[in-house]
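>>> Dropping a prediction and its sequence here:
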Amino acid sequence: MLLTGYNRSKIYYNDPWTGKKAPMSAKNFWYHYSTLKSQSGSKRALSY
């Protein structure tokens, strides 16, 4: 997932499933981000 922008209430990203730009609430993004961090013990990035 590539983040393309943000504001106080939304995170914008390129959806890898649809290939389109999509919004996500900032609250939802940070929830999933913190869940991933707690499961892996660290922050991770993937690029290719």
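Nice, thanks for sending it over.
>>> Let me see the confidence value for residue 28.
The confidence metric pLDDT takes the value 91 at residue 28.
>>> That one belongs to a helix, doesn't it?
Yes: counting by DSSP: H, G, I helix; E, B strand; the rest coil, residue 28 is located in a helix.
>>> and it, what does it touch?
Residues near residue 28 by CB atoms under 8 Å, 6 or more residues apart in numbering: none. Bear in mind the C-beta positions are built from the backbone N, C-alpha and C, glycine included.
>>> With residue 17 instead?
So residue 17 contacts nothing (CB under 8 Å, 6+ apart).
>>> which stretches of this protein form helices?
With DSSP state H applied, the chain shows helices at 26-40, listed in chain order.
>>> Sketch out the low-pLDDT regions of it for me.
Within the chain, the segments meeting pLDDT under 70 span 37-48.
>>> Please repeat the previous calculation with a cut-off of 50.
When residues are selected by pLDDT under 50, those of the chain lie in 47-48.
>>> Which residue lies nearest the spatial centre of it?
residue 29 (5.4 Å; CA atoms, centre = their mean).
>>> What sits closest to that one if chain neighbours are left out?
Leaving out its chain neighbours, the residue that sits closest to residue 29 by CB to CB, 6 or more residues apart in numbering is residue 11, at 4.3 Å.
>>> Now do the contacts for that neighbour.
3, 5, 23-26, 29.
>>> okay, those in CSV with distance to residue 17 next?
Converted to CSV, these look like this (distance: CB to CB, whole Å):
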residue, distance to residue 17
3, 16
5, 19
23, 15
24, 13
25, 18
26, 21
29, 17
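>>> Residue 16 contacts residue 1, doesn't it?
Yes: with contact defined as CB atoms under 8 Å, residue 16 counts as touching residue 1 (6.2 Å).
>>> Among the two, which residue is more densely surrounded?
Taking neighbours as other CB atoms under 10 Å, residue 16 and residue 1 compare with residue 1 leading, 14 against 8.
>>> Now for the residue nearest to that one when sequence neighbours are not counted: which residues touch it?
Leaving aside its sequence neighbours, residue 1 sits nearest to residue 13 (CB to CB, 6+ apart; 5.1 Å). Residues near residue 13 by CB under 8 Å, 6+ apart: 1-4, 21-22, 24.
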